[in-house]
Structure formats: structure tokens, C-alpha cells
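Undergrad: Here is my input; please provide its structure:
(one chain, ligands or ions: 1)
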Amino acid sequence: MRIRRVSGDERLTTSFPLQSYAFDKSPTEQAVSAHYREFLPYHSGNHTLVAEEDGVTLAAASAIPMQQNVRGMVLPMAGVAGVATHPLARRRGFVRALLNQLLEEMRDEGNPVSALYPFRPSFYARFGYVSLPQHRSATFSPDGLGDLLRADLPGELRWRRIADGYADLRALTLRLLDERHGFAVFPDFRAVSLRDDRKWVVTAHVDGEVAGALSYRIDDHLGELSADTLLHTGPRGRALLLQFLARHADQVDRVKLGLLPGETPELWADDIRVATTADTRSAGSNAPMARVLSLDGLEGIAAGPVAITVDVVDDALLGGRYHLDGTSGTLAVDRSDAPAAVSLTAAGLSALVYGVLDPAEITLRGLGTVPVEAAEALRVLFPPRPPYVFAEF
Ligand SMILES: CC(C)(COP(=O)(O)OP(=O)(O)OC[C@H]1O[C@@H](n2cnc3c(N)ncnc32)[C@H](O)[C@@H]1OP(=O)(O)O)[C@@H](O)C(=O)NCCC(=O)NCCS
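TA: Numbering: from 1, shown residues only. Presented below is the predicted three-dimensional model:
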């Protein structure tokens, strides 16, 4: 087996056919090549590796150079995608070899973290990833927002095709990237693919700033208005967008949209009747996962006032002993020879950094050994802080 990096037009004959077989409907040859060419620019900056035998591509895996907020600091993040093996070459270790090399190369290129949407979480748990909270969505009739129709709200709305409103939508996601733990954005070369989507976008503008945005499509008259996440910077932007949705009471039966964390849509209006769900049951709806690729690269993220020495075990990328010191309010990382207070797998460490598991759960889940005193220190160092992995645009 030979592993090599591919780019440009070479993707058309190497990684794309495997990905297309794995993820698309069975197409005709003509449709395939047109489809590939259209998508080529959106992959231009990806780090793509393929595994070959006798000149035949048997597996592919890519990393998208993204950015993610981890405890207040925006870091380069490797978004893993397009992982696929030739149907006749599965279960022969190709993806294991590819992923190990891809993650090492992405770490060496300066990405301290990686995230992905798994086809099966236990598969990526073997590679040190830990599950993060699933997005919640709300479904309600716009009728229930009737109160808002009469409200005199500060600011204004703009309603456009997404191609025309793209700059405002992008500006808002970049602002939220700075503000929200876990928030992630695609690089420009990929995010622009959104302009070609056949969607509408409504943006809320308050005091000269984009304070909210909702991209959506309507499936049918009296059907569903199906929206991406209701993005906003606070109640004013959100209220303008909800007022916009209220004006669709006679046009659609229901609205379905994604929620930022902490939203309580049952409080948006007196008569709203809403179902809020976090679904990991239907096909293709697994929660996102993430892992740390380099602890040194996390220097500077917010941390609590305590220091502790940890062993990271069973991981080629992270294995070793580290002294983690949050006494200055941000994380300082040093190699150490002092005895370690805890031992953590890569997934255990990632769970603490992302703020998704309590240290006591690390032991219970088999992600490390954390004695009681050390658990308290780790709670202080990495207080629970569930991330919201937004990665739509
Ligand atoms: C899933 C897929 C990428 C795995 O590739 P592969 O080359 O067969 O994987 P490997 O042989 O390198 O297996 C790596 C490890 O995962 C395990 N594994 C492989 N496929 C698995 C599956 N479907 N479920 C759970 N574990 C699996 C293997 O047993 C192996 O474990 P081990 O190293 O401890 O023995 C491949 O089956 C595929 O292309 N599927 C369709 C597309 C897809 O779902 N891609 C994933 C997108 S996120």
C-alpha cells in the first residue's frame, strides 16, 4: 500500500469516485463527472490522502482546514471528511493507516484540534474522538408567534436569495466564532459553496451590525419552512427573525429550525406550541465528535486556577506526561517528569478540554484513571462547558 497526498484535478480520478460511491445515489457516468467538476473548487484547500495498490485508489480521507473556538480561543481545526474505502478493500486496514497519517500531518501543520460528524461514533472513538452534544431543533407552527406581529422592534430585516445575502451571513458566523465555545467555521473556499445553494436568507440588522440570520427553504405551500440554525447575537436579533417567521402563518404549516445552545423556544411567545428535539436516532444524525491533536497547541485557552500533571496514554499523537497549569487564568503546558496524578486516553483528555464529561465519568467510561482528589482539580482546570459545534457554513 502506498499513501500519498492528492490535489487539484487529480481528485476527479482518485478520491472523488470513492466518496461518490460511498455517499451519493448511484448515478450515471455523465452526471458523476459534471457533479465532480462543480464541486472541485470547494475542495481546493483540503488536505486529501489516498491509499493505493498497483496504481488503483483503494481508500481516501480528507481534512478541511477549519477554525474552532475552544474555551475562548479560535484555533485551527482539522475537519475530517470524505473517509471512504473501495467496496472490495474494506476491513483491510486502509482507513486506519490513512487516518493515522492524516491526523499526524494535520497536527504537524499546526491544527491542535480535529472534529467530524461520524457515521458510527464507536469507529472514531478508537481514533481518540469523543462525542459532543447534539444540536437541538425546534418545530412549531408560525401561528404561535402571532404576538410578535404587533411588536415594534428596533432594527430592520433584509430578505434575499442566499447568494445575495452571503456576505452578511458569513460576517455573523465569524462573529459567533469569536464568542462561542465549540463554534466552527469552514474556510472561505468551502463556505462560498453556500452561495450556490437554492435557499433564502433573512438577516436582522441592529445598530448597523448583523444581529441575526436564518437560511431556509420552503418545501411546499402549506408545507414546512425548513431552516438551518437560528443564528443571533442576542434577543433583539432573534425577535426580528421570529417576527419574520410569524408572517408566514398563512403560508406554511410549520417551521423547523436549529437552536443555539441555551434556547428555550417555549418562552418565545405565549401561545407557541413547540417540540424541541435532539435526534441521534435517525440515519445520518449522529452527534459531532472532536479530539485534541496537540496539547502544546492549546496553550492560551481559558483554564481554572490549578495545576496538575497528567499522563496521556495509548495515543501516538499525544502520548506523554504533561504539566497543565491554569493558575494564570489561561492554560500553560509543559513536559514533566513529576509523578502524574491521573492517566487519560486521548478521548478522555478531549472530553475534559471540550467540557463534555465530568472527571468521574472518565473513569466510569474507561477513558482513564482519575482518583477522587485529582477529579476535583480537573473540574477546576476545565470547568464543564458544553460546546456547540456549529459547522454549517
Ligand atoms: C467505514 C469505512 C471508511 C472503513 O474503512 P476500512 O478501510 O474498511 O477500515 P479499516 O479496515 O481501516 O478499519 C479500521 C478499524 O475500524 C474497524 N471498522 C471498520 N469498519 C467498521 C464499521 N463499519 N463499524 C465499526 N468498526 C469498523 C475495523 O475493524 C478496524 O478496527 P481495528 O483496527 O481495531 O481492527 C468503510 O467501510 C467505508 O468506506 N464505508 C462507507 C463510507 C462511510 O461510511 N464512511 C465513513 C464516513 S464518516
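Undergrad: and the longest strand seen in the chain, what's its mean pLDDT?
TA: Looking across the chain with DSSP state E, the single longest strand is strand 56-70. Per-residue pLDDT over strand 56-70 has a mean of 97.
Undergrad: For that strand, could you pull out the residues that count as buried?
TA: 57-70 (16 or more other Cβ atoms under 10 Å). Where you see a C-beta, it was placed from the backbone N, CA and C, and this is true even at glycine.
Undergrad: Which ones among those residues also lie next to the ligand?
TA: Among the buried residues of strand 56-70, the residues within reach of the ligand (Cβ under 6 Å from any ligand atom) are residue 59.
Undergrad: Among the buried residues of strand 56-70, which pair sits farthest apart?
TA: The span of the buried residues of strand 56-70, defined through Cβ to Cβ, is set by 58 and 69 at 36.5 Å.
Undergrad: what's the next secondary structure element after the longest strand of the chain?
TA: Using DSSP states H and E, the helix or strand that follows strand 56-70 in sequence is strand 73-85.
Undergrad: Could you tell me the angle between the helix or strand just after that following strand and strand 56-70?
TA: Note on strand 73-85: by DSSP H and E, the next helix or strand toward the C-terminus is helix 94-108. Interaxial angle of helix 94-108 relative to strand 56-70 (axes from the mean of the first three to the mean of the last three Cα atoms, to 10 degrees): 40 degrees.
Undergrad: what's in contact with helix 94-108?
TA: In this structure, residues lying in contact with helix 94-108 by Cβ atoms under 8 Å, 6 or more residues apart in numbering are 1, 3, 47, 49-51, 58-63, 78, 80, 83, 85, 114, 127, 293-294, 297, 316-317.
Undergrad: where does the residue of the stretch 101-250 of the chain found nearest the ligand land in three-state SS?
TA: The stretch 101-250 of the chain approaches the ligand most closely through residue 119 (3.9 Å), counting by Cβ to the nearest ligand atom. Under the three-state scheme (DSSP: H, G, I helix; E, B strand; the rest coil), residue 119 adopts coil.
Undergrad: Strands of the stretch 251-393 of the chain, residue ranges please.
TA: 254-259, 274-277, 289-292, 307-312, 320-325, 332-335, 342-344, 368-369 (DSSP state E, counting those that start in this stretch).
Undergrad: Any idea how far stretch 224-235 is from the middle of the chain?
TA: In terms of Cα atoms, centre = their mean, to the nearest Å, the centre of stretch 224-235 is set 17 Å apart from its chain centre.
Undergrad: how far does it stretch from start to finish?
TA: End-to-end span of stretch 224-235 (Cα to Cα, to the nearest Å): 24 Å.
Undergrad: can you give me the helices in the stretch 201-350 of the chain?
TA: Remark: helices assigned in the stretch 201-350 of the chain by DSSP state H, counting those that start in this stretch are 235-246, 346-354.
Undergrad: nearest spatial neighbour of residue 389, skipping sequence neighbours?
TA: Excluding the flanking residues, the one nearest residue 389 by Cβ to Cβ, 6 or more residues apart in numbering is residue 288, at 4.3 Å.
Undergrad: dump the residue contacts of the residue in the stretch 151-300 of the chain positioned nearest to the ligand.
TA: Using Cβ to the nearest ligand atom, the closest approach of the stretch 151-300 of the chain to the ligand is made by residue 286 at 8.8 Å. Shown in contact with residue 286 (Cβ under 8 Å, 6+ apart): 117-121, 134, 280.
Undergrad: and the residues you listed, which are buried?
TA: Neighbour-count burial (16+ other Cβ under 10 Å) is assigned, among the contacts of residue 286, to 117-118, 121.
Undergrad: Including distance to residue 272 and pLDDT, could the residues you listed go into a markdown table?
TA: Compiled in a markdown table, the buried ones among the contacts of residue 286 are given as follows (distance: Cβ to Cβ, whole Å; pLDDT from 0 to 100):
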| residue | distance to residue 272 | pLDDT |
| --- | --- | --- |
| 117 | 30 | 95 |
| 118 | 33 | 95 |
| 121 | 33 | 96 |
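Undergrad: And stretch 133-143, what's buried?
TA: Buried-residue list, stretch 133-143, by 16+ other Cβ under 10 Å: 133, 135-143.
Undergrad: no wait, stretch 162-176
TA: Neighbour-count burial for stretch 162-176 [16+ other Cβ under 10 Å]: 162, 165-166, 168-170, 172-173, 175-176.
Undergrad: Which member of the buried ones among the contacts of residue 286 is positioned nearest residue 205?
TA: Once Cβ to Cβ is applied, the member of these that ends up nearest residue 205 is residue 117, at 31.7 Å.
Undergrad: Show the contacting residues for the closest residue to that closest one other than its chain neighbours.
TA: Distances taken as Cβ to Cβ, 6+ apart place residue 288 nearest to residue 117, at 5.5 Å, with adjacent residues excluded. Neighbour list for residue 288: 115-117, 131-132, 134, 389, 391 [criterion: Cβ under 8 Å, 6+ apart].
Undergrad: Include pLDDT when you put the buried residues of stretch 162-176 into TSV, please.
TA: Output for the buried residues of stretch 162-176, formatted as TSV (pLDDT from 0 to 100):
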residue	pLDDT
162	94
165	96
166	94
168	97
169	95
170	94
172	97
173	95
175	96
176	96
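Undergrad: so can I have JSON lines of these showing secondary structure and distance to residue 222?
TA: Below are these laid out as JSON lines (DSSP: H, G, I helix; E, B strand; the rest coil; distance: Cβ to Cβ, whole Å):
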{"residue": "162", "secondary structure": "helix", "distance to residue 222": "23"}
{"residue": "165", "secondary structure": "helix", "distance to residue 222": "25"}
{"residue": "166", "secondary structure": "helix", "distance to residue 222": "29"}
{"residue": "168", "secondary structure": "helix", "distance to residue 222": "29"}
{"residue": "169", "secondary structure": "helix", "distance to residue 222": "27"}
{"residue": "170", "secondary structure": "helix", "distance to residue 222": "32"}
{"residue": "172", "secondary structure": "helix", "distance to residue 222": "30"}
{"residue": "173", "secondary structure": "helix", "distance to residue 222": "31"}
{"residue": "175", "secondary structure": "helix", "distance to residue 222": "35"}
{"residue": "176", "secondary structure": "helix", "distance to residue 222": "33"}
